[in-house]
Structure formats: structure tokens, C-alpha cells
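[1] Just the structure for this:
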Amino acid sequence: MLTGLAIYKPTQLAGLTTALGGYEWARLEHFALTIGYVLFFLVHIAQVVRAGWNNFRAMVAGFEVVEDPAPMPSTAPRAAAPDAASGSGNPLPAVPPLPMRP
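    The predicted model follows:
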């Protein structure tokens, strides 16, 4: 920003222009910094594209949006729930485990 001011108003900001090495050096520094900022931006956009939109959305929002897949029918036979007469002592029914996220 200082280099931009130095090349925008070199006469009014002569001290700043001189501190940056003169008008020509201020222009060169301004050009180099601008190219650096553009490359920095493009590299980070490429990283977002590579990591995926959901990752970027999670960084911005502060939480991850996870879509629940449709429940799949279980092919494993269910264990018979113990009845109250067997004396297992557990009055709650058996709960199947939650599916793991990929």
C-alpha cells in the first residue's frame, strides 16, 4: 500500500517516495509485491479446489456439514433380545451400533 501511495502522489509524498528508493524503485517494489499477492492468492485457491469445497466451507463456517447417507439394511442376523423372564436385569431393548463415518 505504501508503494502504491508513493507512485500515486510522488510529489506530495516525496519523503515516502525517497524512503522507498525513488519513483522507479517504488514502481518496481509495487510491481513485485503485486505479483507476489496474486501468486499467493492463486496458490491458495488451487489448494481449496484440491481439498474440496466442503473443507473450505468448514473453515469459513467453523463447522463441518456432513450429509447422512441413506440407511442400509443390515444383512447380519439380529441377536435375540433377552426377555424379562430370563432375568437379564436390563429392561431396555438392544440398540444397534451407529454407522461409522468414512
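
[2] hey, where'd the helices end up in the chain?
    Counting by DSSP state H, the segments of the chain that form helices are 2-8, 14-19, 23-51, 53-61.

[3] Deepest in the core, which of the ones you listed is it.
    helix 2-8 (a mean of 17; mean count of other Cβ atoms under 10 Å). (C-beta placed from N, C-alpha, C; glycine too.)

[4] Contacts made by that helix with the rest, please.
    Outside helix 2-8, the residues that touch it by Cβ atoms under 8 Å, 6 or more residues apart in numbering are Leu13, Leu16, Thr17, Leu20, Tyr23, Ala26, Arg27, Glu29, His30, Leu33.

[5] Please state the mean pLDDT value computed over it.
    For helix 2-8, mean pLDDT rounds to 83.

[6] Restricting to C-alpha, output stretch 42-49 in CSV.
    The C-alpha atoms that make up stretch 42-49 are tabulated as CSV, following Å, rounded to 0.1, in the frame of the first residue of the first chain:
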residue,chain,number,x,y,z
LEU,A,42,-3.9,-18.3,-6.9
VAL,A,43,-1.9,-20.9,-4.9
HIS,A,44,-4.4,-20.8,-2.1
ILE,A,45,-7.4,-21.0,-4.5
ALA,A,46,-5.8,-24.1,-6.0
GLN,A,47,-5.4,-25.6,-2.5
VAL,A,48,-9.1,-25.0,-1.8
VAL,A,49,-10.0,-26.7,-5.1
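
[7] now it, how far from the centre of its chain.
    Taking Cα atoms, centre = their mean, to the nearest Å, one finds the center of stretch 42-49 at 11 Å from the center of the full chain.

[8] average pLDDT for it?
    Computed over stretch 42-49, the mean pLDDT rounds to 89.

[9] cool, stretch 54-68 as well?
    80.

[10] can you list contacts of that stretch?
    Applying Cβ under 8 Å, 6+ apart, the contact partners of stretch 54-68 are Val48, Arg101.

[11] Apply 10 Å and report the result again.
    Applying Cβ atoms under 10 Å, 6 or more residues apart in numbering, the set of residues contacting stretch 54-68 from outside is Ile45, Gln47, Val48, Val49, Ala51, Gly52, Pro99, Arg101, Pro102.
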